[in-house]
Every structure is written in C-alpha cells, then in structure tokens.
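K.L.:
Okay, predicted coordinates and the sequence, questions at the end:
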Amino acid sequence: MAGLAVAAWLFDGIRVEGADWQHQLPPLLGAAVLLGLVSTLVEPVVKFFSFPVIILTIGLFLLVINALMLLLTSWLAEQFDVGFHVEGFWTALFGSVIITLVGSFTRAIVDDDKDRS
C-alpha cells in the first residue's frame, strides 16, 4: 500500500480518488488487495510461460511483467470501482519500479525489527 501511495504521489499518470489522504486510504487499500491477488494468482503463471524470454533478456523482461501486472490491477480496480487508475505502459513501468523499491525498503525495515526481538 505504501508503494502504491508513493508511486501515485510521484507520477501524474497514477491516480487515486479522494480529496485528501484520509479519503485516499480506502482506494489505496483496495488497489493493494487487488495487486496482491494479481501478484499471487496471475504473475507466477505469466512468469512460468515467459521464462525463456526472461532468460534471454537477463531478467529485464521482469520489469515488463511487473508493469503489466500493475496495468491489470488498474483495469480490475476500474471494474470494481475502487478508485485507482494507471495511464499507459511507461507510467506503469516506472510505477512498478517505485512500488518494488518501496516494498523492498519496507520489508527490510520490518525484517530488521523482527531480528531485534
């Protein structure tokens, strides 16, 4: 959810409905749930079938897959009237990079806190 919020803040092509941050929380939560479902159910299948292309591009095709998963999340959000939209492939590509970086940073902080306990 934090990654989606940062990506929406950085890119004009990623929009979350709501006048202020309190009203944007439900659409962000809905989009985060949809992205989690897409990442769990669809992304492994796409990666399996595109494995040769991933190998040929030395893993760079994973960026394309992540962008497509974000676009699919945006499409699903529109179907369920969640209030989340991504415009275009390039916005999705850069947005997915930001979401991945923020997610990695967040996981590093949470894992670090678990190690201290």
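P.N.:
The structure has been received and is ready for your questions. Residues are numbered from 1 along each chain as shown.

K.L.:
residues in contact with stretch 22-35?
P.N.:
With Cβ atoms under 8 Å, 6 or more residues apart in numbering as the test, stretch 22-35 has contacts from 1, 4-5, 8, 16-18, 69-70, 73, 76-77, 80, 82-84, 99. All C-beta atoms are positioned from the backbone trio N, CA, C, and that covers glycine.

K.L.:
Sort out for me which of those are in helices.
P.N.:
4, 5, 8, 69, 70, 73, 76, 77, 99 (DSSP state H).

K.L.:
Kindly indicate which of those residues lies nearest residue 59.
P.N.:
Taking Cβ to Cβ as the measure, residue 59 lies nearest residue 69 of the ones in helices among the contacts of stretch 22-35, at 15.6 Å.

K.L.:
quick one, phi psi at residue 50?
P.N.:
phi -100, psi 10 (degrees, to the nearest 10).

K.L.:
got a pLDDT number for it?
P.N.:
Residue 50 is assigned a pLDDT of 97 by the prediction.
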